[in-house]
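Participant: got a predicted structure plus its sequence, pasted below:
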Amino acid sequence: MQSYDFLPVRHSETVLAELMIPSYANFGGKIHGGLILSLMDKVAYVCATKHASAYCVTASIDTVDFRQPVEVGELVTLMASVNYVGASSMVVGIRVVSENVKLHTIKHTNTSYFTMVAIDDDHKPLKVPGLILENEEQVRRFAEGKRRKELKIQHKEVVKEVLHSTGSDKSFLELERCKISF
Ligand SMILES: CC(C)(COP(=O)(O)OP(=O)(O)OC[C@H]1O[C@@H](n2cnc3c(N)ncnc32)[C@H](O)[C@@H]1OP(=O)(O)O)[C@@H](O)C(=O)NCCC(=O)NCCS
């Protein structure tokens, strides 16, 4: 297979649609959040694998906020594109919308960013093609992907520092809704 140094975003853009059937519902009658996450993982896999032309694994998932519930009978559509690439990692941005097919109303349920890593047969990270950015939106997404990666590294450092600095001091829990019973 031919290998490319750079590929346009459109080369790997992926859309996945699935009808929400009753067996996907939770006890409250709405669609399971886990089902939506699973669909997001699938579309991220396809999108990243198309870009890399190699097997890809999910390294990390950014916060997923469910903005609105998804109902049985709706058509969920997930639109994925590679927003940013590093050496072997790709950030796949996914927008999820849900359509009431009787009323033709569409709602945005969530957006998230999956970091996918291309790996070789020995499970070693594999270099992926760079991205050809063909419009301002793609440049903005790439820049945001780079910034998000930097912020994530900084955030990890801050969390480590703050958690370690707390030590055995429990005074900051005094106003919380818990009772320490030992
Ligand atoms: C993802 C994985 C292959 C990375 O392997 P590794 O030995 O840590 O490789 P490296 O440290 O060289 O990182 C490789 C790339 O992954 C990125 N990466 C690794 N862990 C990451 C994380 N938690 N979040 C975001 N990016 C990550 C690195 O930034 C690096 O990116 P770059 O090549 O673009 O610079 C490895 O951690 C793995 O196999 N994880 C399990 C994946 C899996 O099973 N997913 C399904 C879960 S059910």
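Facilitator: Here it is on my side, so go on.

Participant: got any ranges where this protein has weak pLDDT?
Facilitator: By pLDDT under 70, the chain contains no weakly predicted segment.

Participant: how about a cut-off of 90?
Facilitator: The model of the chain has pLDDT under 90 over residues 1-4, 162-172, 182.

Participant: which stretches of it form helices?
Facilitator: Ranges of helices in the chain, per DSSP state H, are 33-52, 136-166.

Participant: quick one, strands of this protein?
Facilitator: Ranges of strands in the chain, per DSSP state E, are 6-8, 14-19, 56-61, 74-85, 89-100, 105-118, 130-132.

Participant: present those as a markdown table; the columns should include distance to the ligand.
Facilitator: Every residue, glycine included, has its C-beta placed from N, CA and C. Shown next, in a markdown table, are the strands of the chain (distance: least, CB to the nearest ligand atom, whole Å):
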| stretch | distance to the ligand |
| --- | --- |
| strand 6-8 | 15 |
| strand 14-19 | 18 |
| strand 56-61 | 3 |
| strand 74-85 | 7 |
| strand 89-100 | 3 |
| strand 105-118 | 4 |
| strand 130-132 | 11 |
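
Participant: would you mind giving these as JSON lines with mean neighbour count added?
Facilitator: JSON lines is the format used below for the strands of the chain (neighbours: other CB atoms under 10 Å):
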{"stretch": "strand 6-8", "mean neighbour count": "15"}
{"stretch": "strand 14-19", "mean neighbour count": "15"}
{"stretch": "strand 56-61", "mean neighbour count": "16"}
{"stretch": "strand 74-85", "mean neighbour count": "22"}
{"stretch": "strand 89-100", "mean neighbour count": "21"}
{"stretch": "strand 105-118", "mean neighbour count": "19"}
{"stretch": "strand 130-132", "mean neighbour count": "17"}
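
Participant: would you mind finding the most buried of the helices of the chain?
Facilitator: Most buried of the helices of the chain, by mean neighbour count (mean count of other CB atoms under 10 Å): helix 33-52, with a mean of 20.

Participant: show me the contacts for whichever residue of the chain sits closest to the ligand.
Facilitator: Nearest to the ligand in the chain, going by CB to the nearest ligand atom, is G86, at a distance of 2.3 Å. Neighbour list for G86: K149 [criterion: CB atoms under 8 Å, 6 or more residues apart in numbering].

Participant: quick one: closest of the strands of the chain to K170.
Facilitator: Closest approach to K170 among these (CB to CB): strand 56-61, 31.3 Å.

Participant: so what does that closest one touch, helix or strand wise?
Facilitator: helix 33-52, strand 105-118 (3 or more CB pairs under 8 Å, 6 or more residues apart in numbering; DSSP states H and E).

Participant: near the ligand, anything from the longest one?
Facilitator: No. Counting by CB under 6 Å from any ligand atom, the ligand is not contacted by helix 33-52; separation bottoms out at 8.3 Å.

Participant: and that helix, what does it pack against?
Facilitator: With contacts taken as 3+ CB pairs under 8 Å, 6+ apart, helix 33-52 sits against strand 14-19, strand 56-61, strand 74-85, strand 89-100, strand 105-118.
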